[in-house]
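Peer 1: Here is my input, please return the structure:
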Amino acid sequence: MNESLRLEVEKWIEEDPDPKTREQLTRWLNEDNESELRSCFSGFLEFGTAGLRGALGPGPSRMNRAVVSKTAAGLVTFMKRHGLNSIVVGRDARYGSEDFTRDTAEIMSGAGFEVFVLPRPLPTPVLAFAVRKLKSDVGVMVTASHNPPQDNGYKVYLGGTVNGVTYNGSQIIAPTDKEISEAIAASAPLPTLSRGSEWQTLDDSILNQYVSTTAALAKNPKPLTIVYTAMHGVGLETIEKVFSSAGFAPLVLVKEQAKPDPDFPTVKFPNPEEPGAIDLALAYAKESHADVVIANDPDADRCAGAILDGGVWRMLRGDEVGALLGEYIARRGVNNGVFANSIVSSSILRKIAERYGIAFTETLTSFKYLSKVDNLRFGYEEALGYCVSPRDVNDKDGISAALVLAQMTADLKDQGKTLADFFDEIWRDYGFHGTRQISIRTSSVEQIQAIMTMMRSSMPGQIADRKVMSVDDLSQPKDDLPPTDGIRFYLEGPVRVIVRPSGTEPKVKCYLEVVTSTHSEANLILDQVESAMKKLLIR
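Peer 2: Take a look at the predicted model:
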């Protein structure tokens with residue numbers, strides 16, 4: 001075995017606070033298992049988009065107690081540098097979440113900070129709400145959101161103004177993420193860190209405040225049959241309390257997916273967007289003659305919906321839910337608020353805002369940017385993220401979005417209409433906006449980089465027999481957006497295509513949009529362009 005690798009592993013073992021990962025690394029050393037060790041020692045897990053996220057396992061390239069402890073230590077340095085003194089920590093129910101929460105609380109306590117810990121695994125929106133309600137300087141949420149079972153993660157929120165950015169309980173952005181990353185790299189050896197035991201485990205009062213505040217978004221509930229799946233995550237308790245407090249009838253639960261289960265046994269990926277993920281919910285909907293299906297991802301910051309459309313139950317695309325919520329909120333009246341969406345989302349929200357005289361802006365992908373929009377009233381990103389009450393939760397919130405979707409369904413039912421009817425009205429007023437996403441899973445960062453390089457250097461003049469009309473390299477933006485790794489181009493049609501790396505998973509994502517007068521025409525064009533883009537990207 002390479003001697004420098006052996007020395008690096010031995011040094012890591014000396015610091016690792018977890019006997020399980022120490023034992024795993026020691027066994028691989030004794031077996032001269034260089035391939036496994038190189039995989040786990042290929043650099044410290046990158047601290048960037050949404051903090052940390054990665055596969056569980058030993059070593060600096062995986063999520064484990066040592067990596068989380070070093071991250072907490074770096075966060076301590078950052079907090080002291082900026083005069084931040086309080087932190088609230090939440091977690092989901094994934095493997096490792098309880099350990100990572102305890103390690104964070106101990107290190108923050110040892111640094112002398114005021115530390116609050118949520119009482120049990122709860123949704124990410126509850127943590128974001130708690131940061132604001134408790135006036136905490138920092139929030140940490142231990143979660144990997146909708147990632148596969150083997151992953152976990154570590155999101156960081158800020159409460160006040162840091163590095164000239166006003167956060168108000170939102171996720172960190174540059175340059176703060178880089179500053180924390182540098183502090184992590186310079187952190188002291190783990191055995192030298194002070195660990196304390198003085199923190200406050202919160203009672204249910206903060207959850208109850210979130211419930212009452214969110215429930216107030218529903219003004220006139222009517223009898224509805226709502227099928228709900230928590231996707232084996234932590235959303236059930238909170239959403240049931242919110243819907244009950246708002247006056248809705250009990251939800252019809254997808255029992256197989258109702259309770260937290262870190263193995264996510266009924267789905268390949270615990271993401272409502274993934275094929276098959278809500279098949280059980282659709283079966284329940286048929287059986288119960290439901291009015292609507294609502295799904296959360298495992299940490300309940302995302303919301304998906306499904307409707308009966310032409311006699312067939314189908315899941316709504318993220319942009320479709322965004323159009324429904326945008327039109328519904330606009331019709332209810334918006335005073336001095338701003339609508340916003342990410343650059344990869346549909347162009348329809350801009351048109352809705354223009355029609356109702358509402359200010360509109362566009363941001364880079366990720367709610368960490370949407371949450372920084374001044375005076376935000378409604379914001380969304382096509383990946384099932386919606387912010388319908390930004391003054392309460394300055395982040396995407398799958399619970400409040402679900403409630404507004406239910407209230408919309410109830411209002412329409414009272415008028416003898418369905419969500420499908422509402423879509424007909426929207427498409428009549430703005431044209432049919434067809435969107436589609438292609439996800440290309442990759443095996444390495446190098447493969448992602450190769451795809452992006454190819455798109456920049458070898459863009460064909462035609463795609464699906466449609467001329468490429470213009471190309472924007474988003475790393476050198478022509479508008480006011482910050483630079484980001486992505487390519488946006490337009491085909492005659494009009495068809496918009498955006499290609500970018502995922503910020504949270506080993507994927508390249510391709511976003512398509514076509515605006516036509518009919519569903520059938522849009523689907524035909526999308527089929528053609530999707531087929532051509534897959535051939536271009538998968539080589």
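
Peer 1: Give me the local confidence score for residue 214.
Peer 2: At residue 214, the pLDDT value in this model is 98.

Peer 1: How about residue 504?
Peer 2: So, for residue 504, pLDDT stands at 65.

Peer 1: ditto for residue 80
Peer 2: At residue 80, pLDDT is 98.

Peer 1: what sits against it?
Peer 2: residue 111 (Cβ atoms under 8 Å, 6 or more residues apart in numbering). Heads up, the C-betas are built off the backbone N, CA and C, glycines and all.

Peer 1: That one belongs to a strand?
Peer 2: No - per DSSP: H, G, I helix; E, B strand; the rest coil, residue 80 lies outside any strand segment and is helix.

Peer 1: how close does it get to residue 74?
Peer 2: Noted for residue 80: a distance of 11 Å to residue 74, by Cβ to Cβ, to the nearest Å.

Peer 1: Now for the closest residue to residue 507 other than its chain neighbours, how many residues are close by?
Peer 2: For residue 507, ignoring the flanking residues on the chain, the nearest one in space by Cβ to Cβ, 6 or more residues apart in numbering is residue 439 at 5.0 Å. Summarising burial for residue 439: neighbours were counted as other Cβ atoms under 10 Å, giving 12.

Peer 1: residues of the longest helix anywhere in the chain that come out buried?
Peer 2: Criterion DSSP state H: the longest helix present in the chain is helix 519-537. Within helix 519-537, the residues that count as buried by 16 or more other Cβ atoms under 10 Å are 522, 525-526, 528-530, 532-533, 536-537.

Peer 1: Ok, stretch 459-472 next?
Peer 2: Judged by neighbour count (16+ other Cβ under 10 Å), stretch 459-472 contains these buried residues: 463-464, 466, 468, 472.

Peer 1: Which one of these is nearest to residue 255?
Peer 2: Residue 255 lies nearest to residue 464 out of those, by Cβ to Cβ, at 43.8 Å.

Peer 1: What residues does the closest one make contact with?
Peer 2: Shown in contact with residue 464 (Cβ under 8 Å, 6+ apart): 491, 525, 528-529, 531-532.

Peer 1: how about 10 Å then?
Peer 2: 491, 493, 495, 497, 525-533, 535-536 (Cβ atoms under 10 Å, 6 or more residues apart in numbering).

Peer 1: what is in contact with residue 80 and residue 74 at once?
Peer 2: In terms of Cβ under 10 Å, 6+ apart, residue 80 and residue 74 are both contacted by the residues residue 183.

Peer 1: Leaving out sequence neighbours, find the closest residue to residue 315.
Peer 2: residue 306 (4.6 Å).

Peer 1: Report the beta-bridge partners for the one you found.
Peer 2: Applying DSSP bridges to residue 306 gives these bridge partners: residue 293, residue 315.

Peer 1: Can you get me a residue count around the nearest residue to residue 181 once chain neighbours are set aside?
Peer 2: Of all residues not flanking residue 181 in the chain, residue 47 sits nearest, at 4.2 Å (Cβ to Cβ, 6+ apart). By other Cβ under 10 Å, the residues close to residue 47 number 25.

Peer 1: what's residue 47 sitting at in phi/psi?
Peer 2: When read as degrees, to the nearest 10, the backbone of residue 47 gives phi -100, psi 110.

Peer 1: got a list of what it touches?
Peer 2: Going by Cβ under 10 Å, 6+ apart, residue 47 touches 53, 67, 70-71, 74-75, 154, 156, 172, 177-178, 180-185.

Peer 1: same deal with residue 11?
Peer 2: residue 189.

Peer 1: Let's see the one helix or strand it maps to as CSV, backbone CA atoms only.
Peer 2: When elements are assigned from DSSP states H and E, residue 11 belongs to helix 3-15. In CSV, the C-alpha atoms belonging to helix 3-15 read as follows (Å, rounded to 0.1, in the frame of the first residue of the first chain):
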residue,chain,number,x,y,z
GLU,A,3,2.9,4.7,2.4
SER,A,4,1.5,8.3,2.4
LEU,A,5,-2.0,6.9,2.2
ARG,A,6,-1.3,4.5,5.1
LEU,A,7,0.0,7.4,7.2
GLU,A,8,-3.1,9.6,6.3
VAL,A,9,-5.4,6.8,7.3
GLU,A,10,-3.6,6.1,10.6
LYS,A,11,-3.7,9.8,11.5
TRP,A,12,-7.4,9.9,10.8
ILE,A,13,-8.1,6.8,12.9
GLU,A,14,-6.3,8.5,15.9
GLU,A,15,-8.8,11.4,15.7
